[in-house]
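In: Model the structure of this input:
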Amino acid sequence: MSFCRRREHHAFPEPENLHCNQNRKFARTCCKRASLCTRQKGSYTLEAAVILPLMAGFFVAILFFFRVIQIQTQVQEALIYASRKTACEASAVESPIALRASAEAFFRKELSKYELPDKYIKGGNTGISLLRSDMSKQYIDIQADYFVKLPINFFFVKGIEISQASKSRKWTGDCENGCVEDYVYVTETGVVYHRNRNCSYLDLTIQAVNSAETGGLRNKSGHKYYACAECAANCNTPSVVYITDYGTCYHASLSCSGLKRTVYMISISDVGARGPCSKCGAQKGE
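Out: Here you go, the predicted structure:
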């Protein structure tokens, strides 16, 4: 009987021991949960430490971009003012060196009205170089070169290099008899100038023809058509090609540069080595 009682005594733990075991299990569970929460908090802290600087740098870059645009706008305003004022003095000042000094004085004076260039440009307003400006020809060509400082050092990049320019034609004074200088029309690659904007050499009339007929066709000047070196000579000629009234080539594509004309209106004194057009280049009465 005593043996059985001992076994019964050891088979069922005392209430106090049961309570202690439950406390230990609860403590272990709480420790695991606390450890998990600590790891999660550490992960959030690490992510924040990486993402927040990147976001801050992104917003700083955007704001700095708009700041650079403001600086460029203010510098351009000063350049335009200086080139126009210097162009007005061109008739009284013949020396390019004197014109350059005058242009720089106008530029510095106008630029001093703004605060941003002096604050963000390396060297301030005096850090803007006008050494590449040219006053020797018919135009006042002012070119400004400068560096804009970065708000944050980025590896070996010290700043953003910017170049801007403003060009104004020199004013040479009034003509004695109230005359006005003639203007003519030229193309980018043309070797002649035209007095009439509607000259047939400038106004291209494009026609689509059968490629088999090009051998017997002639333009309005009597010349034969040849394959265009850019779009027709080195490829299989399509069944339909394009010609113009006074051109000497047939073209395989409408986008060929030979079918385009970019016309500029310039002063007769700026034609350089170009000769007059045989159709419209002569003045009336000549």
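In: what about the strands in this structure?
Out: The residue ranges that make up the strands of the chain, judged by DSSP state E, are 139-154, 157-169, 183-187, 192-193, 206-210, 226-227, 240-244, 249-250, 263-267, 275-276.
In: now those strands in a markdown table, with mean pLDDT, mean neighbour count and distance to Cys88?
Out: To be clear about C-beta, it is placed using only N, CA and C from the backbone, and glycine gets the same treatment. Supplementary listing: these in a markdown table, determined by pLDDT from 0 to 100; neighbours: other Cβ atoms under 10 Å; distance: least, Cβ to Cβ, whole Å:
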| stretch | mean pLDDT | mean neighbour count | distance to Cys88 |
| --- | --- | --- | --- |
| strand 139-154 | 85 | 17 | 9 |
| strand 157-169 | 86 | 15 | 9 |
| strand 183-187 | 84 | 19 | 21 |
| strand 192-193 | 88 | 20 | 28 |
| strand 206-210 | 84 | 11 | 45 |
| strand 226-227 | 85 | 16 | 51 |
| strand 240-244 | 85 | 20 | 44 |
| strand 249-250 | 85 | 22 | 47 |
| strand 263-267 | 81 | 12 | 18 |
| strand 275-276 | 88 | 14 | 32 |
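In: Reformat those as CSV; add distance to Lys109.
Out: Converted to CSV, the strands of the chain look like this (distance: least, Cβ to Cβ, whole Å):
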stretch, distance to Lys109
strand 139-154, 14
strand 157-169, 15
strand 183-187, 33
strand 192-193, 40
strand 206-210, 53
strand 226-227, 59
strand 240-244, 53
strand 249-250, 55
strand 263-267, 30
strand 275-276, 45
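In: so which of the ones you listed gets nearest Val60?
Out: Of all the strands of the chain, it is strand 139-154 that lies closest to Val60, at 6.3 Å by Cβ to Cβ.
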